[in-house]
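In: using only what follows, build the 3D model:
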Amino acid sequence: MICQLLLVECLCWLCQVMGKIFSGLCQCGAWGCFDEFNRIDISVLSVVSTQLTTIKNALTMNAAVFNFENTEIPLDPRVGIFITMNPGYAGQSSVATPSRCVLCRQ
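Out: Predicted coordinates for the structure are as follows:
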């Protein structure tokens, strides 16, 4: 990214949008499917994997409420977040092993 080259702080709008989508899914217990996830820039994947880790930890602890993106939100345990990754297409990111562990069901 150009902001990294210039050493300028850059806000990631996609991260904020994804966070709002995840927050909504968690609050109402809906399911979301995100296709071709590895087409997202690797810097965004890093933030998104952190967001998903926060959700996963709250679900593991059977929390009724948890802190997500500096906001306390209710957690409906019926939430489901599904991700597809299609390797081999031009322009797709290689997902690092730590992110792969978060993105894959364990």
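In: quick one: contacts for the residue nearest to residue 30 when sequence neighbours are not counted?
Out: Nearest residue to residue 30, sequence neighbours excluded (CB to CB, 6 or more residues apart in numbering): residue 79, at 6.8 Å. The C-beta positions use only the backbone N, C-alpha and C, and glycine is treated the same way. Contacts for residue 79 (CB atoms under 8 Å, 6 or more residues apart in numbering) come out as 25, 26, 29, 30, 31, 55, 59.
In: of the residues you listed, just the buried ones, ChimeraX syntax please.
Out: To isolate in ChimeraX the members of the contacts of residue 79 that are buried, counting by 16 or more other CB atoms under 10 Å, one can use:
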select :25,26,55
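In: how about residue 18: what's its closest non-neighbour residue?
Out: residue 48 (5.4 Å).
In: which strand or helix spans that neighbour?
Out: helix 42-60 (DSSP states H and E).
In: equivalent analysis for residue 32, please.
Out: strand 31-34.
In: where does the chain have its least confident helix or strand?
Out: helix 97-103 (a mean of 52; mean pLDDT, DSSP states H and E).
In: related to what we said a few turns ago, who are the packing partners of the helix holding residue 48?
Out: helix 13-28, strand 65-68, helix 97-103 (3 or more CB pairs under 8 Å, 6 or more residues apart in numbering; DSSP states H and E).
In: and the longest one, what other elements does it pack with?
Out: When you say that, I think you mean helix 13-28. By 3+ CB pairs under 8 Å, 6+ apart, helix 13-28 packs against strand 31-34, helix 42-60, strand 65-68, strand 71-74, strand 80-83.
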